[in-house]
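**Q** pasting the structure only:
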């Protein structure tokens, strides 16, 4: 069983940058894909970015393209989300997730989830 733990959430101002981290632990960690999701109050969870763990291919939500970057850390069990030019509408709880097969932005295909980290962007 994989355990995922996010960190890096904070209260920031519009235009600021923030980097979220996700660290995986467990007996084995060899996902096929990973993703960053977010959920704002009253809204459905959405995937902001996904990465193919082997090849590094990425996908992004249209509203974050050019501002957010998903990447693997040098440590094989670490995932990052670099968020630049943050906007108030980016305010949400951000989750990292891992999947054993395939990759992409569909939430139902993910097997393991972290507990989330709060990002609040003030105007």
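**A** Thanks, I have the structure now. Quantities reported herein were computed from a predicted structural model and do not represent experimental measurements.

**Q** What pLDDT does the model give the residue nearest to residue 31 when sequence neighbours are not counted?
**A** Nearest residue to residue 31, sequence neighbours excluded (C-beta to C-beta, 6 or more residues apart in numbering): residue 98, at 4.1 Å. For glycine as for every other residue, the C-beta is placed from the backbone atoms N, C-alpha and C. Looking at residue 98, its pLDDT reads 96.

**Q** Which residues does the helix or strand harbouring residue 98 contact?
**A** Using DSSP states H and E, residue 98 sits in strand 92-99. By C-beta atoms under 8 Å, 6 or more residues apart in numbering, the residues outside strand 92-99 that reach it are 2, 4, 6, 9, 20, 22, 24, 29, 31-40, 43, 45, 48, 79, 81, 107, 109-119.

**Q** Show me just the buried residues among those residues.
**A** Neighbour counting by 16 or more other C-beta atoms under 10 Å classes 2, 4, 6, 9, 20, 22, 24, 29, 31-38, 48, 79, 81, 107, 109-110, 112-114, 116-117, 119 among these as buried.

**Q** So which of those residues sit within strands?
**A** 4, 6, 20, 22, 24, 33-38, 48, 79, 81, 112-113, 117, 119 (DSSP state E).

**Q** which residues pair with the residue nearest to residue 31 across the strands?
**A** With DSSP bridges as the criterion, residue 98 is bridged to residue 34, residue 112.
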